[in-house]
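S.K.: turn this into a model:
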Amino acid sequence: MQFSQLKINDLISRALADLNYDLPTPIQVQAIPPLLKGLDMLGTAQTGTGKTAAYSIPLLQKIITNRSTYQSPILTSLIIAPTRELAAQISASIKEYGKYCKVKVCVVFGGVSKGPQINNLKNGIDVLVATPGRLLDLVDSHFIDLSRVNYFVLDEADQMLDMGFLRDIKRIISKLPKVRQTMLFSATMPKEIVSLAESLLHQPVRVSIGSVETPLRAISQSLYRVEKKNKAELLIHLLKDEKISSALVFTRTKNAANRLTKKLLNQPYKTEVIHGNKSQNARTNALKNFKNHSSRVMIATDIAARGLDISQISHVFNYDMPETPEVYLHRMGRTGRAGEDGITISFCAHEELSLLKDIQKHIGMEIPVIRVPITFSIEETTSEISSTKEKTDSFPSKANAKKRTSHNSPYYHKRNK
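M.R.: Presented below is the predicted three-dimensional model:
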């Protein structure tokens, strides 16, 4: 199917052609027709599936269709996202899709001055993309009127739950008109999200694309058993491999991200760092440099594990093992996007073995262990776990991804039940 078959307005189609969007993704094929009909939607979808375009295209078409009913922009479409980066990304995407539609889009989030955001709001807007806290602040200050919103999107709802935004979300919903079209997208469906969806949606169409329960087959996984004090030395050694064109390295804490960044300062490549304590300008510049590949490495906390669409990340490193299997899969999902192959490499210390066990149980496979290829300057105090699946000293290749998902593997059968 092509976009031309989805009955999309010519102005939007023209913008999509400029972006070389020829064929809609599966979620766009499933979501756009019912959304154009005005139906509510409950979607289970990972980032990288084309979800933003799936709800943005009907949003823009609805605004264009109803243009004759008012002269100046009126806030009729509201999208809530959990993080500043995701909100900014959604806003930028809608502006691209609607660049020929003369639709005014505004994004508001914390961490920056309210002044420019308030000025944009005063000039009139059609679409508002916001994080919950700043939105409520501006609503309470009477700079935002939600009384005419008829298109409402909750994106990455489970992440908002994890970040403690559920109460804020309910406050926002209480300020919206009762009659509206509502969409809720979530990578997982914990009971709190199911309960929220039941109270929020009216006879929704259910769309499910991708799953956070299982890893993508195009992504190769491997593991090094290495103690915490030697992780930086191992990472520096592995990054000498020129096949690693773009590396996203996850740490568990902000302090760990800062410490690791300092250890990489003297390396012959540029490294960025992003976490919640960084100013918004610093976070924006770090993402920009990493996206345009002027920086080869980005150190991040899990603020970057969800929602960010950064193409051509060749490798994801779990410098610290994530605390939940879901976060492991979200981190992994930053590579292998848009049909590309990807590689995820984890560093597991002795005290992280329980986390590794939970992850392997969740994904239904053992992550292959690779022999550490160097002798550390600080001697290991905990012996490495032996494994019949230990690899040679060579670096894992993308070609191995398909071998690890052969028809004879339990992972393949779990994925294809």
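S.K.: gap between V273 and L264?
M.R.: Counting by Cβ to Cβ, to the nearest Å, the separation of V273 from L264 is 9 Å. Every residue, glycine included, has its C-beta placed from N, CA and C.
S.K.: between the two, which one's more packed in?
M.R.: More crowded of V273 and L264, by other Cβ atoms under 10 Å: V273, with 24 against 18.
S.K.: L146 belongs to a strand, doesn't it?
M.R.: No - counting by DSSP: H, G, I helix; E, B strand; the rest coil, one finds L146 to be coil, located in no strand.
S.K.: tell me, how many residues neighbour the nearest residue to it once chain neighbours are set aside?
M.R.: Nearest non-adjacent residue to L146, counting by Cβ to Cβ, 6 or more residues apart in numbering: K175, 4.8 Å away. K175: 16 surrounding residues under other Cβ under 10 Å.
S.K.: can you pull the contacts of K175?
M.R.: Taking Cβ atoms under 8 Å, 6 or more residues apart in numbering, we find K175 in contact with V139, L146, S147.
S.K.: how close does the second one get to D162?
M.R.: What it means is L146. 25 Å.
S.K.: confidence score at D140?
M.R.: Confidence at D140, expressed as pLDDT, is 96.
S.K.: mind jotting down where the helices sit in the stretch 251-400 of the chain?
M.R.: Per DSSP state H, counting those that start in this stretch, the stretch 251-400 of the chain carries helices over the ranges 254-263, 280-291, 325-332, 353-363, 400-403.
S.K.: want to throw those into a markdown table with distance to I125 and mean pLDDT?
M.R.: Listed next are the helices of the stretch 251-400 of the chain as a markdown table, based on distance: least, Cβ to Cβ, whole Å; pLDDT from 0 to 100:
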| stretch | distance to I125 | mean pLDDT |
| --- | --- | --- |
| helix 254-263 | 33 | 95 |
| helix 280-291 | 20 | 88 |
| helix 325-332 | 31 | 86 |
| helix 353-363 | 42 | 93 |
| helix 400-403 | 44 | 42 |
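S.K.: for Q28, find the nearest of these.
M.R.: Closest approach to Q28 among the helices of the stretch 251-400 of the chain is made by helix 325-332 (21.5 Å; Cβ to Cβ).
S.K.: before we move on, the earlier item: which neighbours do V273 and L264 share?
M.R.: When contacts are counted by Cβ under 8 Å, 6+ apart, V273 and L264 are jointly contacted by I299.
S.K.: quick revisit: got a PyMOL select line for the buried ones in the contacts of K175?
M.R.: In PyMOL syntax, the buried subset of the contacts of K175 is picked out as below (16 or more other Cβ atoms under 10 Å):
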select buried, resi 139+146
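S.K.: now, among the contacts of K175, which is nearest to D320?
M.R.: So of those, ranked by how close each gets to D320 (Cβ to Cβ), first place is V139, at 37.6 Å.
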